[in-house]
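Enquirer: This is the structure alone, sequence omitted:
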């Protein structure tokens with residue numbers, strides 16, 4: 001796997017989404033979860049480290065830092081920005097979440113449920129993205 005493909009894969013690990021499929025009773029949560037993931041992708045593609053990092057829990061930020069060997073979440077986003085091609089940035093900005101699974105205060109998104117016209121994100125052999133519901137009702141990336 002090339003360095004660029006590896007970085008895109010790391011983005012999906014940290015950004016991209018265990019339990020049952022969503023139902024209409026939690027459609028508000030599903031919308032919030034999808035928004036968090038797509039906003040995080042767009043922020044990373046745009047080099048907006050503050051936004052990208054604000055969409056992750058402290059544990060999620062730490063995972064991001066460790067995966068990229070960075071001393072902070074913002075430095076990890078900068079590292080990603082330095083290797084993303086215009087095509088990869090376009091793919092991140094246009095990515096869509098097709099399915100979310102929610103169990104209590106945890107949501108999971110499989111890579112195969114994230115699509116983008118410019119990249120085959122779902123084909124990456126990576127663990128699913130996990131988000132955690134916050135006390136204010138928002139959802140943040142946790143791994």
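Expert: Everything's here; your move. Here the structure is a predicted model, which is why all the values come from computation and not from measurement.
Enquirer: end-to-end on stretch 41-54?
Expert: With Cα to Cα, to the nearest Å as the measure, stretch 41-54 spans 12 Å from end to end.
Enquirer: so what's residue 106 closest to, chain neighbours aside?
Expert: Among residues not flanking residue 106 along the chain, residue 132 sits closest, at 6.0 Å (Cβ to Cβ, 6 or more residues apart in numbering). For every residue, glycine as well, the C-beta is placed using N, CA and C.
Enquirer: Would you mind giving the secondary structure of that neighbour?
Expert: In three-state terms, and counting by DSSP: H, G, I helix; E, B strand; the rest coil, residue 132 is strand.
Enquirer: One more: residue 50?
Expert: Following three-state DSSP, residue 50 is assigned to helix.
Enquirer: For the chain, give me the ranges with low pLDDT.
Expert: 1-25, 118-126 (pLDDT under 70).
Enquirer: can you pull out the strands in it?
Expert: For the chain, the strands defined by DSSP state E occupy 20-21, 96-97, 101-103, 106-109, 114-115, 129-133, 139-141.
Enquirer: Turn those strands into TSV, including distance to residue 43 and mean neighbour count.
Expert: Shown next, in TSV, are the strands of the chain (distance: least, Cβ to Cβ, whole Å; neighbours: other Cβ atoms under 10 Å):
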stretch	distance to residue 43	mean neighbour count
strand 20-21	27	9
strand 96-97	15	18
strand 101-103	23	17
strand 106-109	17	22
strand 114-115	16	21
strand 129-133	15	23
strand 139-141	11	24
